[in-house]
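>>> Following is a predicted model, sequence given first.
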Amino acid sequence: MLTAFASAFRTPDLRKKLLFTLAMVVLYRLGASVPTPNTNSAAIRDCISQAANGSSQTTYALINLFSGGALLKLSVFALGIMPYITASIIIQLLVVVIPRFETLKKEGQSGQNKLTQYSRYLTIGLAILQSAGFVALARNGQLFQGTTNCNPLYKNNDIFALAVMVITMTAGTAVVMWLGELVTDRGVGNGMSILMFTSIAARIPNEGNTILKNSGGFVFTLIILLGLAIIAAVVFVEQAQRRIPVQYTKRQIGRRMYGGTSTYLPLKVNMAGVIPVIFASSLLYIPQLLLQFNSNSTSGLALWVNNHLINQQDWVHISVYFLLIIFFTYFYVGITFNPEERADDMKKYGGFIPGIRPGRPTAEYLQYVLSRITLPGALYLGIVAVLPNFFFSMTGGNNQNFPFGGTAVLIMVGVGLDTVKQIESQLMQRNYEGFLR
């Protein structure tokens, strides 16, 4: 692997792409450390320290994870790439609902560029709403739960100063989106995924240090071993796929013969990626958000929601989280993979599955295989996501700083594998030995 890295840096164009990617990552992390104007940095550091040392869970842990801790610092890149991720998911879902978007998707590159433009506009709109919401929550002292003496987080509370903060965070989101697209065009790998990987990886040393201080060396070593086992299992499942053989008939066009080849249609075990985990996590945050706006927080329903749905170590929370992930896995795979469309494409180009008639029988067979292979993928996502909750509920600990569970490890492993494969493919084109042997 080190030899492959050396070969990559000896190749001028590939070295340029790698260095450009590293430069964009450095700029991204620099922007995540620059405070937004009008913020009280000392008070914010004190609040973060209290939240890290206490047992409280922040409602915005998912967004804070994707921003690399920049959200709770109220930095320029406080929102990170979360608005862009949300906008992309919304556009993907609207493609199935709105015929105009479905037509654009079928138009090829020009239609995809139009959908990307819609995603950018929606990203800016979501960034304005989210930044205004977080500024208001920080002003009211609701950004940190279970902390005391955190106010004031702002130096000036007038409307002009708060508007400047909203504009700054929105501009920071636009810059993050621009950096991600630059990495995609001129760097290595998918730009947004690389920035997401950087944000999550930046939190691991601090979280590991917190676990070591609070729980001791034995628990720290146990968590490291558990994390390595989880990563190995995630790599194994992410690489797993069901290969459906496809045979193409020979066709004569003019004086040339085409087709007659054998290939396969790969169906990954985890076709949904990390999207179901994000959907389930976001849905479980809704009750806590509603409780913040409910004045009667001591009612029986509010206490039950606080003790069971919000408490991440409660069995009700773990069970609901697990079932939501399974549901959203089937839901997302169902809207992103269309067996009838794949069967029509195969029939159009003279392809067929041996033993299966083209057309509707092929679509039914693909749907049958897809439903069977999605079940282990959904169970895998659910187990990886709830494993930290289950582990710490059994040991009586706190999973707030567990760095190898759920969304984090799925994103890091997936992005790492994809980036290594892209670098390896470019090395193989130049007859260099790749990363995977």
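Alright, I've got the coordinates. Numbers count the residues shown, from 1 in each chain.
>>> switch to C-alpha atoms for all contacts and neighbour counts from now on
Fine.
>>> for the helix or strand containing residue 369, which positions count as buried?
Per DSSP states H and E, residue 369 falls inside helix 360-395. Buried residues in helix 360-395, counted by 16 or more other C-alpha atoms under 10 Å: 362-363, 365-367, 370, 373-375, 377-393.
>>> do the same with stretch 15-26
15, 16, 17, 18, 20, 21, 22, 24, 25.
>>> repeat for stretch 318-337
Buried, per 16+ other C-alpha under 10 Å, within stretch 318-337: 318, 321-322, 324-326, 328-330, 332-334, 337.
>>> Mind listing residues that contact that stretch?
93, 96, 271-272, 275-277, 279-281, 284, 312, 374-375, 378-379, 381-383, 385-386, 389-390 (C-alpha atoms under 8 Å, 6 or more residues apart in numbering).
>>> that older thread, tell me the one of the buried residues of stretch 15-26 nearest residue 230?
Among the buried residues of stretch 15-26, residue 25 lies closest to residue 230 (C-alpha to C-alpha), at 26.2 Å.
>>> which stretch of helix or strand covers that closest one?
Following DSSP H and E, one finds residue 25 within helix 12-33.
>>> Check residue 245 too.
Residue 245 belongs to strand 241-248 when assigned by DSSP H and E.
>>> gap between residue 245 and residue 425?
24 Å (C-alpha to C-alpha, to the nearest Å).
>>> who has more neighbours, these two?
Taking neighbours as other C-alpha atoms under 10 Å, residue 245 and residue 425 compare with residue 425 leading, 16 against 13.
>>> Any figure for the gap between the more buried one and residue 188?
Applying C-alpha to C-alpha to residue 425 and residue 188 gives a distance of 11 Å.
>>> One more: residue 239?
20 Å.
>>> next one: residue 225
31 Å.
>>> Ok, residue 281 next?
30 Å.
>>> who's more crowded, those two?
The neighbour count for residue 281 versus residue 188, taken as other C-alpha under 10 Å, is higher for residue 188 (24 against 19).
>>> Quick check: residue 413 is in a helix.
Yes. Counting by DSSP: H, G, I helix; E, B strand; the rest coil, residue 413 is part of a helix.
>>> and it, how many residues sit next to it?
Look at residue 413: counted by other C-alpha under 10 Å, it has 17 neighbours.
>>> okay but it is in contact with residue 235, surely?
Yes. Counting by C-alpha atoms under 8 Å, residue 413 does reach residue 235; the two are 6.6 Å apart.
>>> Residues that sit against both of the two, list them.
With C-alpha under 8 Å, 6+ apart, residue 413 and residue 235 have no common neighbours.
>>> tell me the phi and psi of the closest residue to residue 239 other than its chain neighbours?
Using C-alpha to C-alpha, 6 or more residues apart in numbering and skipping residues adjacent in sequence, the residue nearest residue 239 is residue 268, 7.6 Å away. Note on residue 268: backbone dihedrals following degrees, to the nearest 10 are phi -70, psi 150.
>>> State the phi and psi torsions of residue 266.
Dihedral angles (degrees, to the nearest 10) for residue 266: phi -80, psi 130.
>>> ok, for it, nearest residue in space, not its chain neighbours?
residue 243 (4.5 Å).
>>> Compute the number of surrounding residues for residue 163.
By the measure other C-alpha under 10 Å, the count of residues near residue 163 is 14.
>>> Wasn't it part of a strand?
No. Going by three-state DSSP, the assignment for residue 163 is helix, not a strand.
>>> How much space separates it from residue 377?
From residue 163 to residue 377 the distance is 45 Å (C-alpha to C-alpha).
>>> what are the ranges of the strands in this protein?
For the chain, the strands defined by DSSP state E occupy 241-248, 251-253, 256-258, 262-268, 351-352.
>>> now the third one: mean pLDDT?
Put plainly, it is strand 256-258. Confidence over strand 256-258 (mean pLDDT, whole number) is 66.
>>> again with the fourth one
Averaging pLDDT along strand 262-268 gives 86.
>>> ditto for the first one
Per-region confidence: strand 241-248 scores 87 on mean pLDDT.
>>> Contacts for it next, please.
If you take C-alpha under 8 Å, 6+ apart as the criterion, strand 241-248 is touched by 259-269, 349-354, 373.
>>> Buried residues, stretch 408-421. List them.
408, 409, 410, 411, 412, 413, 414, 415, 416, 419, 421.
>>> Tell me which two of those residues sit farthest apart.
Distance extremes for these: the farthest pair is 408 and 421 at 20.0 Å, using C-alpha to C-alpha.
>>> Just want to check the distance between residue 320 and residue 386.
Between residue 320 and residue 386 the distance is 10 Å, computed by C-alpha to C-alpha.
>>> Residue 238 too?
As judged by C-alpha to C-alpha, residue 238 and residue 386 stand 18 Å apart.
>>> same deal with residue 25?
Taking C-alpha to C-alpha, one finds residue 25 at 30 Å from residue 386.
>>> show me where the stretch 1-150 of the chain has helices.
2-10, 12-33, 41-53, 61-66, 70-73, 82-97, 99-106, 109-139 (DSSP state H, counting those that start in this stretch).
>>> Highest mean neighbour count out of the ones you listed?
helix 70-73 (a mean of 24; mean count of other C-alpha atoms under 10 Å).
>>> hang on, the earlier thing: take the buried residues of stretch 408-421 and lay them out in a markdown table including pLDDT.
Shown next, in a markdown table, are the buried residues of stretch 408-421 (pLDDT from 0 to 100):
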| residue | pLDDT |
| --- | --- |
| 408 | 79 |
| 409 | 82 |
| 410 | 82 |
| 411 | 81 |
| 412 | 83 |
| 413 | 84 |
| 414 | 82 |
| 415 | 83 |
| 416 | 82 |
| 419 | 82 |
| 421 | 80 |
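>>> Now tabulate those residues in CSV and tack on distance to residue 152.
Shown next, in CSV, are those (distance: C-alpha to C-alpha, whole Å):
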residue, distance to residue 152
408, 32
409, 35
410, 37
411, 35
412, 36
413, 39
414, 40
415, 39
416, 40
419, 43
421, 48
